[in-house]
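S.K.: structure for this input, please:
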Amino acid sequence: MNGRRVQLVQLAAFHRLPAAYSTREAVEIGGLMSYSTDIVDAFRQVGVYVGQVLKGAKTTTLPVVQAEKFGLAINSRAARLLGLTVPPTMLAIADEVIE
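M.R.: Got it, this is the predicted structure:
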């Protein structure tokens with residue numbers, strides 16, 4: 001799906017479908033919104049986990065690691081093109097608003 005994300009975003013816009021995506025990049029290319037993990041933080045967590053394994057920790061004893069940081073990105077131009085009004089409270093809590 002990532003390889004075709006431009007086409008998917010364009011199809012959703014063409015059919016006037018408000019869509020939420022799992023990557024911020026989709027919002028940059030015209031998608032309405034995304035709510036996703038912070039990829040930099042995820043890589044940091046992977047590094048910590050791998051470091052523990054390399055120091056000799058048994059993988060069976062390590063806890064399952066979950067994402068700690070999430071980001072909400074909203075494309076206000078896409079919302080206008082879809083005829084949607086994004087509530088000011090939602091814009092206020094968004095980590096990024098793309099014009």
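S.K.: so where do the strands sit in the protein?
M.R.: Counting by DSSP state E, one finds strands in the chain at the ranges 20-21, 33-37, 70-75, 96-98.
S.K.: contacting residues around the first one?
M.R.: Spelled out, that is strand 20-21. Applying CB atoms under 8 Å, 6 or more residues apart in numbering, the contact partners of strand 20-21 are 5, 9, 27, 31-36. The C-beta positions use only the backbone N, C-alpha and C, and glycine is treated the same way.
S.K.: Throw those residues into CSV and include neighbour count, thanks.
M.R.: Listed next are those as CSV, based on neighbours: other CB atoms under 10 Å:
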residue, neighbour count
Arg5, 16
Val9, 22
Val27, 23
Gly31, 27
Leu32, 25
Met33, 24
Ser34, 22
Tyr35, 15
Ser36, 20
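S.K.: which one of the residues you listed is nearest to Leu17?
M.R.: Nearest to Leu17 among the contacts of strand 20-21: Leu32, at 8.9 Å, using CB to CB.
S.K.: for the closest one, what are its contacts?
M.R.: Applying CB under 8 Å, 6+ apart, we find Leu32 in contact with 12, 18-21, 74-75, 78-79, 82, 84.
S.K.: and Ala19, by the same measure?
M.R.: 9, 12, 31-32.
S.K.: for it, give me phi and psi.
M.R.: For Ala19, the backbone dihedrals (degrees, to the nearest 10) come out as phi -130, psi 140.
S.K.: same question, the one 4 residues further on
M.R.: Geometry field for Thr23 lists phi and psi as phi -130, psi 140, criterion degrees, to the nearest 10.
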